[in-house]
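when you get a sec, could you give me coordinates for this:
(one chain, ligands or ions: 3)
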Amino acid sequence: MKRREKLMQKPIPRHIAVIMDGNGRWAKRRGRERSYGHRMGALNIKTITLEAHRLGVEAFSIYAFSTENWKRPKEEIDFLMSLPTAFEEDFKETFETEQIRVRFSGRRDRISEKNREYMQEIEDKTKDREGLVLNICFDYGGRYEITQAARKIAEACMEGALKPEDIDESTVESRLYTTGLPPVDLLIRTSGEQRTSNFLPWQLAYAEFYFTKTHWPAFKERALHRALRSFQKRNRKFGGLKGA
Ligand code: IPE
Ligand code: IPE
Ligand code: MG
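Residues are numbered from 1 along each chain as shown. Ligands and ions are numbered 1, 2, ... in the order given. The predicted structure follows:
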């Protein structure tokens, strides 16, 4: 694809994060149930992950279920909870061929035993692969993630393994779910909302934000390319004076 090659002549984000919003609205507009939107949204993960991989992106984080999404009706939660295992059938083979690594970020104490086992299994199975890291944020909340890191640091101090004066950014970083992944360069949120909804607050510190009205199930390769073209026009300064 010519468009892809052209994009690859300029800097490509090392880490892209996506708030996959608008599944419900996309389905409603088609006179369908919200669950249909979630199903089509889950299928779209494969399309966009593979395109990000082809473009040379190293890490791709997706917001699949937030710590606040438990507020939704039970029926919808049950459906969303069934998606990780359904995911397996859709993506297994392609992800193996493309050497995609899968990891999950989020709480593991509130999900089913079945999902917990499945997550562990897929992480173990894919951890030595060399392709893009697909980081699926499931029962993920940024405030919870940072709070947990603080708790672990306090415990290490109590045990004498760590001194408060030695705590620096890497001490926190290494206790986040995303440890080892590069910082997020580009955040995309679909469906028009312009907020982060508790997604990766630490990791987004210097990310470029891209908002689009397109709903997640309709966000295809071309839409990703559009987001990348926007990213490539940004003047990233990281607090310095580059290009100013
Ligand atoms: C995003 O789509 C997926 C999840 C939050 C799980 P929504 O379900 O939020 O869709 P809208 O925002 O209601 O359209
Ligand atoms: C954020 O979307 C969570 C996910 C995409 C999983 P929401 O639809 O839950 O966010 P709000 O409620 O509009 O902020
Ligand atoms: Mg939403």
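
count of neighbours near the closest residue to H15 other than its chain neighbours?
Of all residues not flanking H15 in the chain, A59 sits nearest, at 4.2 Å (CB to CB, 6 or more residues apart in numbering). For the C-beta atoms, the positions are set from N, CA and C on the backbone; glycine is no exception. By the criterion of other CB atoms under 10 Å, A59 has 24 neighbours.

could you do R189 as well?
When neighbours are counted by other CB under 10 Å, R189 registers 23.

roughly how far does it sit from E113?
Using CB to CB, to the nearest Å, R189 is found at 32 Å from E113.

only alpha carbons, please: show whatever helix or strand E155 lives in as PDB.
Using DSSP states H and E, E155 sits within helix 142-158. Output in PDB follows, covering the C-alpha atoms of helix 142-158 (Å, rounded to 0.1, in the frame of the first residue of the first chain):
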ATOM      1  CA  GLY A 142      -5.100   4.800  35.800                       C
ATOM      2  CA  ARG A 143      -5.800   6.000  39.300                       C
ATOM      3  CA  TYR A 144      -6.000   2.400  40.600                       C
ATOM      4  CA  GLU A 145      -2.700   1.600  38.700                       C
ATOM      5  CA  ILE A 146      -0.900   4.500  40.400                       C
ATOM      6  CA  THR A 147      -2.400   3.800  43.800                       C
ATOM      7  CA  GLN A 148      -1.200   0.200  43.600                       C
ATOM      8  CA  ALA A 149       2.300   1.300  42.700                       C
ATOM      9  CA  ALA A 150       2.200   3.600  45.700                       C
ATOM     10  CA  ARG A 151       1.100   0.800  47.900                       C
ATOM     11  CA  LYS A 152       3.900  -1.500  46.600                       C
ATOM     12  CA  ILE A 153       6.500   1.200  47.200                       C
ATOM     13  CA  ALA A 154       5.300   1.800  50.700                       C
ATOM     14  CA  GLU A 155       5.500  -2.000  51.400                       C
ATOM     15  CA  ALA A 156       9.100  -2.100  50.000                       C
ATOM     16  CA  CYS A 157      10.000   0.800  52.300                       C
ATOM     17  CA  MET A 158       8.400  -0.900  55.300                       C
END
